[in-house]
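Trainee: Output the structure for:
(one chain, ligands or ions: 3)
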Amino acid sequence: MIAAKGYGALSKDSHIAPLEFNRRAIEPSDVLIDIMYCGICHSDIHTARGEWGPAIYPVVPGHEIVGKVIQVGSAVTRFKVGDIAGVGVFVDSCRTCSPCKKGLEQYCEGGMVPTYNGYYKDKVTPTYGGYSNCYVIDEQYTLRIPQQHNLAGVAPLLCAGITTYSPLKYAGVGKGHKVAVLGLGGLGHMAVKFAASFGAEVTMLSTSPSKEADAKRLGAHHFALSTDPAQMKALKGQFDFILNTVAAAHDINQFLDLLTLEGKMILVGIPPEHSAYSAAKLISKRRTIMGSMIGGIAETQEMLDYCAAHDIFSDIELISVHDINQAYERVIKSDVKYRFVIDMTTL
Ligand code: NAP
Ligand code: ZN
Ligand code: ZN
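Mentor: Residues are numbered from 1 along each chain as shown. Ligands and ions are numbered 1, 2, ... in the order given. Alright, predicted model coming up:
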């Protein structure tokens, strides 16, 4: 066992507070990472507060982890002590099912092992996330970090980055496409950067008028206020794709109207509430609603390499561990620019 410390929630109603806990011992194929930075994803809040159903308490959230390798197991070949490494949303999977063999470990038929709020394959040892000093992980599920600077701005790529990169790639988004990004938060700001970088014409659909200038600075060509019926009406039938990153209950039907014939709405936001959609709005224009979950290990590495080659980072506010609860409240109020990242040296 490795004695670890971190911040987490003891129940769905508790604040995020200091905790001590044990991590599993290092196996031959594991690396031990000294965590430098960890992003705050809205999924951390949904999970810690039990919004998606009962969690496994204590929950130590955090799945956007960058740190330094400080120990390697005897069989490790891809990492050495001193390397910068990343951990994303999952840390293991069955490795034998069809999705795993295709590099789609996030859709593992046996269920991926989540970075926190889950169990390792022994089904008894809990996983604890990155609001912590260290992480033990199999090297096959560890990411290489090609960037040498701004590592705090790299951490959110491990979830917000891959979650938006993967569906845009899968959909073949590029030059000639009109793409709308719904919700300018952690995922949304990365979606704008990637869609623009892939050559699409990007429109930001936001409930926050104050975010217009930032949306354009991040790469959006247009900005529309989703709360203004006149602006929404003017965009009817415009978009080949809408990437929906909204984390709270909202009416998706008003946005289906904005899709072209055969346009696709890609859901990545996971509001705790179920959404109702109008069959007529889909059928009348052969439109699709699809979902997408993070990305596999190989694709996450591809995304990190793409970001390094194109100088793409997350725009972050670096905070101390003592400010996590305040950061949660700001995320919930959509007051995030555009990802909070915890400086783990403050632990
Ligand atoms: P976030 O930073 O809170 O961003 C969400 C944005 O949605 C807000 O900033 C806001 O943008 C908009 N929004 C919030 N409430 C709204 C409402 N009631 N109506 C319309 N728009 C609203 O959250 P995030 O970290 O990007 O995560 C977004 C969602 O994706 C969460 O549900 C999270 O759990 C989920 N997620 C999914 C995956 C996956 O694999 N699919 C991975 C990571 C996260 P504006 O101010 O611009 O309106
Ligand atoms: Zn996440
Ligand atoms: Zn599998």
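Trainee: State the helix or strand in which residue 282 lies.
Mentor: helix 279-283 (DSSP states H and E).
Trainee: Residue 66 too?
Mentor: strand 65-72.
Trainee: ok, then the element right after that strand?
Mentor: Immediately after strand 65-72, counting by DSSP H and E, sits strand 84-87.
Trainee: Distance-wise, check the residue of the stretch 101-250 of the chain found nearest ligand 1 relative to residue 40.
Mentor: Residue nearest to ligand 1 within the stretch 101-250 of the chain (Cβ to the nearest ligand atom): residue 185, separated by 1.8 Å. To be clear about C-beta, it is placed using only N, CA and C from the backbone, and glycine gets the same treatment. Using Cβ to Cβ, to the nearest Å, residue 185 is found at 11 Å from residue 40.
Trainee: Which of these two has more residues huddled nearby?
Mentor: Neighbours were counted for residue 185 and for residue 40 using other Cβ atoms under 10 Å; residue 40 has more, 30 against 25.
Trainee: The more buried one: what's its closest spatial neighbour, skipping adjacent residues?
Mentor: residue 340 (4.2 Å; Cβ to Cβ, 6 or more residues apart in numbering).
Trainee: Pretty sure the one you found sits in a strand.
Mentor: Yes: Residue 340 sits within a strand when classified using DSSP: H, G, I helix; E, B strand; the rest coil.
Trainee: returning to what we had before: how far off centre is the helix holding residue 282?
Mentor: With Cα atoms, centre = their mean, to the nearest Å as the basis, helix 279-283 stands 30 Å off its chain's centre.
Trainee: Let me know how buried residue 83 is, in neighbour terms.
Mentor: So residue 83, with other Cβ under 10 Å, has 17 neighbours.
Trainee: Can you give me the pLDDT of it?
Mentor: Here, the pLDDT recorded for residue 83 equals 98.
Trainee: which residues does the nearest residue to it once chain neighbours are set aside form a beta bridge with?
Mentor: Nearest residue to residue 83 in three dimensions, chain neighbours excluded: residue 69, at 4.6 Å (Cβ to Cβ, 6+ apart). Beta-bridge partners of residue 69, counted by DSSP bridges, are residue 33.
Trainee: hang on, residue 69 packs against residue 78?
Mentor: No: Residue 69 is beyond contact range of residue 78, at 10.1 Å (criterion: Cβ atoms under 8 Å).
Trainee: Which of the two has more residues huddled nearby?
Mentor: Ranked by neighbour count (other Cβ under 10 Å), residue 69 and residue 78 place residue 69 first, with 19 against 13.
Trainee: tell me the pLDDT at the more buried one?
Mentor: On the pLDDT scale, residue 69 gets 98.
Trainee: any idea how far the nearest residue to residue 146 once chain neighbours are set aside is from ligand 1?
Mentor: The shortest distance from residue 146 to any non-neighbouring residue, by Cβ to Cβ, 6+ apart, is to residue 308 (3.9 Å). Distance, residue 308 to ligand 1, using Cβ to the nearest ligand atom, to the nearest Å: 21 Å.
Trainee: Provide the secondary structure category for residue 308.
Mentor: Residue 308 is classified as helix under three-state DSSP.
Trainee: Which residue does the stretch 101-250 of the chain have closest to ligand 3?
Mentor: Ligand 3 sits closest to residue 108 of the stretch 101-250 of the chain, with a gap of 3.2 Å, by Cβ to the ion.
Trainee: residue contacts, that residue?
Mentor: Neighbouring residues of residue 108 by Cβ atoms under 8 Å, 6 or more residues apart in numbering: 93-94, 97, 99-100.
Trainee: returning to what we had before: which residues are common contacts for residue 185 and residue 40?
Mentor: By Cβ under 8 Å, 6+ apart, the residues touching both residue 185 and residue 40 are residue 331.
Trainee: May I ask you to confirm that the residue nearest to residue 146 is in contact with residue 149?
Mentor: No: at 10.3 Å, residue 308 does not count as touching residue 149 under the criterion of Cβ under 8 Å.
Trainee: Neighbour count: those two, which is higher?
Mentor: Remark: of residue 308 and residue 149, residue 308 carries more neighbours, 17 against 8, as counted by other Cβ under 10 Å.
Trainee: That one and residue 9, how far apart?
Mentor: Residue 308 sits 34 Å away from residue 9, going by Cβ to Cβ.
Trainee: Could you look up the SS state of residue 57?
Mentor: Applying three-state DSSP: residue 57 is coil.
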